[in-house]
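Undergrad: Here is the input, now give the coordinates:
(one chain, ligands or ions: 1)
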Amino acid sequence: MNGDVLTPSRAAINIVKWLRTYLGGSAPLITDLDLVRQMLPGSPYGKGVTAIKGPAAITWSGCEGALVRNPENPTEWGIFYHPDARAERQRFTVAHELGHFVLHRERTTDFQCASGSVYSGSDALALMEREANVFASHLLMPGDLFTQAIRDTTVDLRFLSELATRFAVSFEALCIRFIEYTELRAILICWDNGFLDYECRSATARRTRAKVKREGDC
Ligand SMILES: [Zn+2]
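TA: This is a model prediction of the structure:
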């Protein structure tokens, strides 16, 4: 790691590289999270850890996913996910918890993640949640494969939906990655039960202060 600051995207990029080396140079669109989980304890990002167990279904409520250190064996960690979530959502949750393992496990021994915790809780907790999401996004949709998939293509909602299926991620996760990547003026608005949940803007949309035209606007 050469003393450099380990950003979430850099950590994910390095893990993807190790994975491809292990796979003899192939670069599958669907990241094998089980392999990542098994590989991490033997990697520079897993010092002092012998195993990451799971993922296992959560048996307590109010939680989307969790990463917990074994209280009886501090060299073991376990990942948990909510069994009622859709398969692609479960995958993102597992990748998110792997992000906590790589980036944050020195800070606490118990991460319990709710779907809205990116926007709530203390600033430090919300930052950790955002970092784990960025890590998951780059692990599940590596930049080079994402660029290849989108290059010379007319991007519309149908294409993005098909791309989400190819990467085995949710449409929402794919759109967030696209907004981060694109040079277009793009804004993602997520509504939940008629209320604005959150809004993501591409760099160009932020720079040009793009406005969303809502019903009733002139
Ligand atoms: Zn989390």
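
Undergrad: where does the protein come near the ion, residue by residue?
TA: Those residues of the chain that sit near the ion, judged by Cβ under 5 Å from the ion, are 113, 129, 132. All C-beta atoms are positioned from the backbone trio N, CA, C, and that covers glycine.

Undergrad: can you pick the most crowded of those residues?
TA: Ala132 (28 neighbours; other Cβ atoms under 10 Å).

Undergrad: Cross-check the contact I'm expecting between that one and His104.
TA: Yes - if you go by Cβ atoms under 8 Å, Ala132 and His104 touch, sitting 7.4 Å apart.

Undergrad: what ranges do the strands span in this protein?
TA: Along the chain, the stretches classed as strands by DSSP state E are 51-57, 65-69, 76-81, 110-113, 187-192, 195-201.

Undergrad: Show me what the fifth one pairs with in its sheet, parallel or antiparallel.
TA: Here strand 187-192 is paired, per DSSP bridges, with strand 195-201 (antiparallel).

Undergrad: what comes up buried for the partner strand?
TA: 200-201 (16 or more other Cβ atoms under 10 Å).

Undergrad: Let me see the domain layout of this protein.
TA: 8-140, 153-218 (automatic domain parsing).

Undergrad: most neighbours per residue, which of those domains?
TA: domain 8-140 (a mean of 17; mean count of other Cβ atoms under 10 Å).

Undergrad: Averaged pLDDT, that one. What do you get?
TA: Domain 8-140 carries an average pLDDT of 92.

Undergrad: Could you pull out the helices in the chain for me?
TA: 8-22, 33-39, 87-104, 123-140, 143-150, 157-167, 171-181, 203-207 (DSSP state H).

Undergrad: Just the closest residue of the chain to the ion, please.
TA: Cys113 (3.1 Å; Cβ to the ion).

Undergrad: Can you name the residues bridging to that residue?
TA: Gly65.

Undergrad: residues in contact with it?
TA: 63-66, 93, 96-97, 100, 129, 132 (Cβ atoms under 8 Å, 6 or more residues apart in numbering).

Undergrad: rerun that using 7 Å as the cut-off
TA: Neighbouring residues of Cys113 by Cβ atoms under 7 Å, 6 or more residues apart in numbering: 63-66, 96, 129.

Undergrad: next one: Leu98
TA: Counted by Cβ under 7 Å, 6+ apart, Leu98 has contacts 36-37.

Undergrad: one step back: for Leu196, find the nearest of the helices of the chain.
TA: helix 171-181 (14.6 Å; Cβ to Cβ).

Undergrad: Could you check the angle the closest one makes with helix 143-150?
TA: 100 degrees (axes from the mean of the first three to the mean of the last three Cα atoms, to 10 degrees).

Undergrad: related to what we said a few turns ago, just so I know, which of the helices of the chain lies nearest Ala57?
TA: Of the helices of the chain, nearest to Ala57 by Cβ to Cβ is helix 87-104, at 9.4 Å.

Undergrad: Sweet, I'm off.
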